[in-house]
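*Asks:* Fold the stuff below for me.
(one chain, ligands or ions: 1)
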Amino acid sequence: MTDENHPRRVLLKLSGEAFGGGSIGLDPTVVRRVAAEIGAAVADGVQVAIVCGGGNFFRGAELAQNGLDRARADYMGMLGTVMNCLALQDFLEQAGVDTRVQTAITMGQVAEPYIPLRAIRHLEKGRVVIFGAGAGMPYFSTDTVCVQRALETHCDEVLMGKNGVDAVYSADPRTNPDAVRLEHLTYTEAIVQELGVMDSTALSMCRDNGVRMRVFGLEEPGNVTRVLRGEKIGTLVTE
Ligand code: UDP
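*Replies:* This next block holds a predicted model:
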């Protein structure tokens with residue numbers, strides 16, 4: 001599946017929901033399983049970069065609604081993503097996978113700073129690179145960051161892991177029985193129809209830069225390995 005000249009390189013987005021198993025904090029069973037599935041693809045030669053979300057700890061916009069200053073709340077959200085990075089790093093290392101965490105907010109004791117060329121070297125050496133602390137800037141989301149990191153580290157594809165759904169649907173399949181499962185859609189369709197794939201900033205960035213993205217369900221065992229290896233599961237989103 002990968003060849004010597006051009007190994008497959010992908011950016012996997014894991015939302016905070018994936019780490020919390022639907023609740024606040026960490027669900028180690030889920031993180032261990034996802035780590036093992038990532039390890040299986042890395043063993044095949046797939047180069048894997050990961051952006052961790054942090055919604056299982058804090059979302060800045062929600063805290064701001066409860067009276068916190070928005071920017072400070074967003075920094076709390078970014079710090080939450082780093083805890084997810086460290087948990088994933090730990091389970092990956094336990095599974096025998098070499099890893100590096102790089103954060104957009106410098107914290108030398110726990111992670112390297114975000115240095116794109118160094119991240120690329122890690123990937124070339126077969127290390128999984130986990131990006132934390134978002135963009136280091138309030139008012140951004142980890143969805144936007146995953147597009148930016150994928151572009152800067154020359155990933156072939158962005159892989160958006162979702163909880164509760166296995167693909168993009170025309171409406172929410174949990175509440176609308178007429179929802180149609182989509183094999184393929186464009187970023188413009190996703191934006192205009194407000195399909196909830198990613199936030200609009202991230203979708204525009206994908207469209208403007210010709211990013212290829214696959215949206216898939218995280219809960220089905222084996223799906224993470226499958227999508228990392230390049231199996232066509234879920235929904236493909238293109239320009
Ligand atoms: N965040 C931010 N800037 C960034 C990335 C994240 O301010 O570049 C904050 C923001 O408050 C966000 C929180 O971190 O709500 C957690 O990230 P996100 O909501 O994207 O995580 P996910 O929804 O993927 O769990």
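*Asks:* list the helices and strands the worst-scoring helix or strand of the chain on mean pLDDT packs on?
*Replies:* Here the helix or strand of the chain ranked lowest by mean pLDDT, DSSP states H and E is helix 16-20, holding a mean of 94. Under the contact criterion of 3 or more C-beta pairs under 8 Å, 6 or more residues apart in numbering; DSSP states H and E, helix 16-20 touches helix 28-43, helix 70-94. Backbone N, C-alpha and C define where each C-beta goes, glycine included.
*Asks:* After the longest one, which helix or strand is next?
*Replies:* The reference is to helix 70-94. strand 99-103 (DSSP states H and E).
*Asks:* same check, this time on the shortest one
*Replies:* Scanning the chain past helix 28-43 towards its C-terminal end, the next helix or strand to appear is strand 47-52 (assignment: DSSP H and E).
*Asks:* Alpha carbons only: can I get that following strand in CSV?
*Replies:* C-alpha atoms of strand 47-52 as CSV (Å, rounded to 0.1, in the frame of the first residue of the first chain):
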residue,chain,number,x,y,z
GLN,A,47,3.3,7.9,8.6
VAL,A,48,0.9,9.2,11.2
ALA,A,49,0.5,12.7,12.6
ILE,A,50,-2.3,13.4,15.0
VAL,A,51,-4.2,16.4,16.3
CYS,A,52,-5.9,16.0,19.6
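*Asks:* That strand: how far from the chain's middle?
*Replies:* Relative to the centre of its chain, strand 47-52 is centred 7 Å away, using C-alpha atoms, centre = their mean, to the nearest Å.
*Asks:* do stretch 222-239 as well
*Replies:* In terms of C-alpha atoms, centre = their mean, the centre of stretch 222-239 is found 13 Å from the chain centre.
*Asks:* mean confidence score for it?
*Replies:* If you average the pLDDT over stretch 222-239, you get 98.
*Asks:* Likewise for stretch 145-152?
*Replies:* Mean predicted confidence for stretch 145-152 is 98.
*Asks:* Need the residues that contact that stretch.
*Replies:* 11, 13, 49, 51, 104, 116, 119, 131, 134-135, 155, 157-158, 160, 198, 202, 205-206, 209, 211 (C-beta atoms under 8 Å, 6 or more residues apart in numbering).
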